[in-house]
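K.L.:
Any chance you could fold what I've pasted below:
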Amino acid sequence: MDWEINIIHLFVSGGHNYRGRHGKGSLDHQIEDPDLIECVAERGIRGDRFFDHQENFKGQITFFDHEVYNDVKKAFGLPDLAASVFRRNVVLRGVPLSELIGKRFTIGGLEFEGTEEAAPCYWMNEAAADGVHEFLKGQGGLRARILSGGTLKKGISSLSLVP
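P.N.:
Below is the predicted model:
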């Protein structure tokens, strides 16, 4: 199956704002939104906080549905909410991300394996608004491994399942 997708944002951050911060408050590491990112097979996104995090890490790259982002803005009355607050690497539209769990797929010649939902954490309430954590359950995005690397770019592309 193939989908035409639109990659709208490619977020990379060198530091963790929330991970390991329980009871300590969040941090404010810069989040960049470059036109392209370098995906390195089995390692992650060069320059991202999870690059070389651990061997066979399930979240080497994360995907988030732009429509869910818009739903959060509408449901919580947050027209100026930045897509970066969700801390997902790739914000796109055009594919049901939950259907990619447990499947291999390609985007622009790069191969990924969907591993699990990028489940939202309680920090979403601080990052966006009270209630966003609960709202995002079941639609928090997709965590994936990078199986073959290369450059991922913003814009229109195709996403294909690997047979």
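
K.L.:
In the chain, where is pLDDT below threshold?
P.N.:
Residue ranges of the chain with pLDDT under 70: 15-29.

K.L.:
Tell me which stretches of the chain form strands.
P.N.:
For the chain, the strands defined by DSSP state E occupy 2-10, 36-40, 44-45, 61-65, 90-93, 104-107, 110-117, 142-148, 150-153, 155-161.

K.L.:
What separation do you get for R46 and L110?
P.N.:
Per Cβ to Cβ, to the nearest Å, R46 is found 13 Å from L110. From N, CA and C alone the C-beta is placed, and that goes for glycine too.

K.L.:
Tell me which of those two has more neighbours.
P.N.:
L110 (18 against 13; other Cβ atoms under 10 Å).

K.L.:
I would like the residues contacting the longest helix anywhere in the chain, please.
P.N.:
The residue-count maximum for a helix in the chain (DSSP state H) belongs to helix 66-75. Under the contact criterion Cβ atoms under 8 Å, 6 or more residues apart in numbering, helix 66-75 has outside partners 6, 8, 78-79, 81, 83, 86, 91-93, 128, 132, 135-136, 139, 141.

K.L.:
Just the closest of these to C39, please.
P.N.:
Lowest distance from C39 to those (Cβ to Cβ) belongs to L92, with 14.1 Å.

K.L.:
with the contacts of helix 66-75 in mind, which one is nearest to G150?
P.N.:
L92 (16.8 Å).
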